[in-house]
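**Student:** need a structure here:
(2 chains)
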Amino acid sequence: MGCLRMRILVAEDDSSVVSFVRKGLEAENYAVDVAPEGEEARFMAEEYDYDLVILDLNLPGMGGLDVLKHLRAKKPSIPVIVLTARSGVEDRVKGLDLGADDYLTKPFSFSELSARVRALLRRGSRPAESVLKVEDLELNRVSRTVRRGGKKIELTQKEFALLEYLMRHAGRRVTRAMIVEHVWNLSFDSMTNVVDVYVNYVRKKVDEGFGHRLIRTVRGVGYQMGSDEAEE
Amino acid sequence: MTGELRRLQFLWRCQLAGVCILALSGAAWLVPLAAGWLSRILAFAAITAATLAAIQILSALHLRRLSRILWPGQPQSSPVARFSLGADLTEALPRMMAEALQRAERSRCASREFLSAVSHQLSQPLTALRGTLELALAREQDSASYRRALEGALEQADRVVRLSRALRELAEADQSGDPSRVAPMSTILAEITLDMRPVAEAQSCGLLVSGPPEVFVAANPQRLQQAILYLVGHAIQFAVAGSSIEVRLSASPGTAILEVSNQGDGFRPEELDGLFEPFRHIQAISEEMEADRFRLAVSKKIIEAAGGSVAVESVPARGTRYEITLPRLQK
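**Tutor:** Numbering: from 1, shown residues only, chains lettered A, B, ... in the order given. Predicted structure coming up:
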């Protein structure tokens, strides 16, 4: 990556989870610190400069939700991914209400975590633009119109939301679970076939007849809009 | 049965009203004639009447609490009547306790069976996982063989992950009842149409949704949407190409009925039996079928947690019809 490595704090007490998360993130060139206790996690997150915090809700000592509350009061904009053993939609909404940026249920795969880390690290560096562009594809969030190579493309409301999500994360992989959670605001595993069907619909409208395909399927992970983002 | 308890309550109220009227009319008749000793009788009669009324109120409240403890799932407006009118409470109570114990025993048996089925399901991928890793470590191999072994292990681990997620979803569905929330059926059906029509079309099927507006039920809207989504998804999965899946809402005072029907192979009676019960099958079924049953079980639990029920009827080679009944909220 660039000359400055991104720093991530992993607040998690289970050593086997910590081990694979640390190995995986370090292999992707992040600098990783670990805090196995709530109080320590709060102190480290508040005192040191991290680009992102991965926070387990079930920490010994001060619980994860309390750590999150304290942290939000001091650093409102630091991206936080919450890890939990509960999967209910209500729990997810509660976690997000308390200021978590994303919510991942155990057991999770490393590729799922990695995709979410990338999505959040990138969001921090770019403000929400009203016009999203990927090559010759243009999406206007205000007039809610989509054009490719100047040609207007008609999309339904859901298709528009899906394309917007893919374009906001252009150059990065997004998993099916991320799409279900952020576009549908649901968290059901079995919604993933709905996602595949919808992506195919959007693909037909956006890619067919334009020669160059913009929406790629990433095997075993999900989808990616456009080619890999240039490393900074 | 509910009618009988209502009648019992009504009688109580009548007695209560009677005692009050008696006390008041006694007072009205006697006050003009009142002398010193008469007013003492009057005071005595009033205190007796008040005590009787208090006893009546307390016993009515107690009975209500008792019925709530014994039948916690019952809505408050229709307390379950297990007493026949005039039957002695001392006779009815042991019977009620015995019934409650029987129910508890049945549910204990069911959870024992379920636990043993879960452990059986877990043991399969875990055996494969352990075996694969053990063999890979048993002797030196080339890196391609190690890679194959690891890929196999990952596949088995994914099976365990899927199973654990499905079990968690099932456990959470059990606790999803929320009578304080209002679920608008038309909004839920509109969302489902939007989500599932493309899925049906991808299978060359149509999705027809109809129903009156302004039907509300007391349930967590997101959970109810999930339950209906799963049922509709299941109906699409088993529909024959070229047919249409019908989702029809109808409403009567107090009840909302949602019918989901498809045309397809249908189910034989023995298949229908365990349709909403994951693991309850004689022959081995595919993992996909197992996942489908999990979804149906989640659906059923969510609907039951909202005070509703699901019924299913199927004709082999014709199709299947699911009927969800939910208590409707009056606006």
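**Student:** can you give me the strands for chain B?
**Tutor:** Secondary structure of chain B (DSSP state E): strands at B:182-184, B:206-210, B:216-218, B:244-252, B:255-263, B:309-315, B:319-329.
**Student:** Distance from the fifth one to the middle of the chain?
**Tutor:** How far strand B:255-263 lies from its chain's middle: 17 Å, per CA atoms, centre = their mean, to the nearest Å.
**Student:** and residue B:194, how many residues sit next to it?
**Tutor:** 13 (other CB atoms under 10 Å in any protein chain shown). For every residue, glycine as well, the C-beta is placed using N, CA and C.
**Student:** Residue A:224 - that's part of a strand, no?
**Tutor:** Yes: with DSSP: H, G, I helix; E, B strand; the rest coil as the criterion, residue A:224 is located in a strand.
**Student:** For the stretch 201-331 of chain B, what lies in contact range of chain A?
**Tutor:** B:202, B:220, B:222, B:223, B:226, B:229, B:230, B:233, B:291, B:295 (CB under 8 Å from any CB of the partner chain).
**Student:** tell me which of those is nearest to residue A:221?
**Tutor:** Taking CB to CB as the measure, residue A:221 lies nearest residue B:291 of those, at 20.3 Å.
**Student:** Using JSON lines, please lay out the strands of chain B together with mean pLDDT and mean neighbour count.
**Tutor:** Shown next, in JSON lines, are the strands of chain B (pLDDT from 0 to 100; neighbours: other CB atoms under 10 Å in any protein chain shown):
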{"stretch": "strand B:182-184", "mean pLDDT": "90", "mean neighbour count": "17"}
{"stretch": "strand B:206-210", "mean pLDDT": "95", "mean neighbour count": "15"}
{"stretch": "strand B:216-218", "mean pLDDT": "91", "mean neighbour count": "22"}
{"stretch": "strand B:244-252", "mean pLDDT": "95", "mean neighbour count": "17"}
{"stretch": "strand B:255-263", "mean pLDDT": "95", "mean neighbour count": "20"}
{"stretch": "strand B:309-315", "mean pLDDT": "93", "mean neighbour count": "15"}
{"stretch": "strand B:319-329", "mean pLDDT": "94", "mean neighbour count": "20"}
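**Student:** Out of those strands, flag the one nearest residue A:129.
**Tutor:** That would be strand B:182-184 among the strands of chain B, by CB to CB, at 34.7 Å.
**Student:** Can you report how many residues neighbour residue A:38?
**Tutor:** Residues near residue A:38, counting by other CB under 10 Å: 23.
**Student:** who are the neighbours in contact with it?
**Tutor:** With contacts defined as CB atoms under 8 Å, 6 or more residues apart in numbering or on different chains, the neighbours of residue A:38 are A:11, A:59, A:60, A:61, A:62, A:63, A:64, A:66, A:67.
**Student:** what's the helix or strand for residue A:179?
**Tutor:** Assessed by DSSP states H and E, residue A:179 sits inside helix A:176-183.
**Student:** so does that helix get close to chain B?
**Tutor:** No: Helix A:176-183 lies out of reach of chain B by CB under 8 Å from any CB, never closer than 10.5 Å.
**Student:** Output the lowest mean pLDDT helix or strand found in chain A.
**Tutor:** helix A:89-97 (a mean of 69; mean pLDDT, DSSP states H and E).
**Student:** Helices of chain A, residue ranges please.
**Tutor:** Counting by DSSP state H, one finds helices in chain A at the ranges A:15-27, A:38-47, A:64-74, A:89-97, A:110-125, A:157-168, A:176-183, A:192-207.
**Student:** Show me the one of the ones you listed that comes nearest residue B:58.
**Tutor:** Taking CB to CB, helix A:89-97 is the member of the helices of chain A nearest to residue B:58, at 38.5 Å.
**Student:** before we move on, back to that, and the helix holding residue A:179, what other elements does it pack with?
**Tutor:** When contacts are defined as 3 or more CB pairs under 8 Å, 6 or more residues apart in numbering or on different chains; DSSP states H and E, helix A:176-183 sits against helix A:110-125, helix A:157-168, helix A:192-207, strand A:222-225.
**Student:** how distant is the first one from the center of its chain?
**Tutor:** Relative to the chain's own centre, helix A:110-125 is displaced by 5 Å; criterion: CA atoms, centre = their mean.
**Student:** Could you do the second one as well?
**Tutor:** Helix A:157-168 sits 15 Å away from the centroid of its parent chain (CA atoms, centre = their mean).
**Student:** what's the most buried one of the helices and strands packed on helix A:176-183?
**Tutor:** strand A:222-225 (a mean of 22; mean count of other CB atoms under 10 Å in any protein chain shown).
**Student:** Show me where the stretch 151-300 of chain B has its helices.
**Tutor:** For the stretch 151-300 of chain B, the helices defined by DSSP state H, counting those that start in this stretch occupy B:185-202, B:221-237, B:269-273, B:287-305.
**Student:** in chain B, which segments are predicted with low confidence?
**Tutor:** B:1-12, B:19, B:22-35, B:62, B:65-90, B:280-284, B:331 (pLDDT under 70).
**Student:** Now do the biggest helix by length in it and helix B:287-305, the angle between them.
**Tutor:** When chain B is parsed with DSSP H, its longest helix is helix B:89-138. On the basis of axes from the mean of the first three to the mean of the last three CA atoms, to 10 degrees, helix B:89-138 is oriented at 150 degrees to helix B:287-305.
**Student:** Now the residue nearest to the spatial centre of chain A: closest residue in space, sequence neighbours ignored.
**Tutor:** What sits nearest the mean C-alpha location of chain A, by CA atoms, centre = their mean, is residue A:116, with 3.1 Å. Spatial nearest neighbour of residue A:116, chain neighbours left out: residue A:102 (5.1 Å); criterion: CB to CB, 6 or more residues apart in numbering or on different chains.
**Student:** close enough to count as contact, the one you found and residue A:113?
**Tutor:** No: applying CB atoms under 8 Å as the test, residue A:102 and residue A:113 come out as separate, 9.7 Å apart.
**Student:** got any residues that touch both of the two?
**Tutor:** Shared contacts of residue A:102 and residue A:113, defined by CB under 8 Å, 6+ apart, comprise residue A:81.
**Student:** Could you pull up the residues touching residue A:7?
**Tutor:** A:30, A:31, A:32, A:33, A:48, A:49, A:50, A:51.
**Student:** Considering those, which possesses the most neighbours?
**Tutor:** For the contacts of residue A:7, neighbours tallied by other CB under 10 Å; top is residue A:50, 22 neighbours.
**Student:** Tally up the residues packed near residue B:212, please.
**Tutor:** The burial count for residue B:212: 11, using other CB under 10 Å.
**Student:** I figured it was touching residue B:248, is that so?
**Tutor:** No: if you go by CB under 8 Å, residue B:212 and residue B:248 don't touch, sitting 10.4 Å apart.
**Student:** ok, now how distant is the residue nearest to the centre of chain A from residue A:6?
**Tutor:** Look at residue A:116 and residue A:6: by CB to CB, to the nearest Å, they are 14 Å apart.
**Student:** for residue B:55, same thing?
**Tutor:** 74 Å.
**Student:** So those two - more neighbours on which side?
**Tutor:** Remark: of residue B:55 and residue A:6, residue A:6 carries more neighbours, 20 against 11, as counted by other CB under 10 Å.
**Student:** is it true that that one touches residue A:32?
**Tutor:** No: with contact defined as CB under 8 Å, residue A:6 does not reach residue A:32; the gap is 9.8 Å.
**Student:** about what we covered before: what about the helix holding residue A:179, distance to the chain center?
**Tutor:** Per CA atoms, centre = their mean, the centroid offset for helix A:176-183 relative to its chain is 9 Å.
**Student:** quick check: mean pLDDT across it?
**Tutor:** Rounded to a whole number, the mean pLDDT of helix A:176-183 is 86.
**Student:** Now do it against helix A:157-168, angle only.
**Tutor:** Angle between the axes of helix A:176-183 and helix A:157-168 is 120 degrees (criterion: the same axes, to 10 degrees).
**Student:** about what we covered before: go ahead and build a PyMOL selection from the buried members of the contacts of residue A:38.
**Tutor:** Restricted to buried positions by 16 or more other CB atoms under 10 Å in any protein chain shown, the PyMOL selection for these reads:
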select buried, chain A and resi 11+59+62+64+66+67
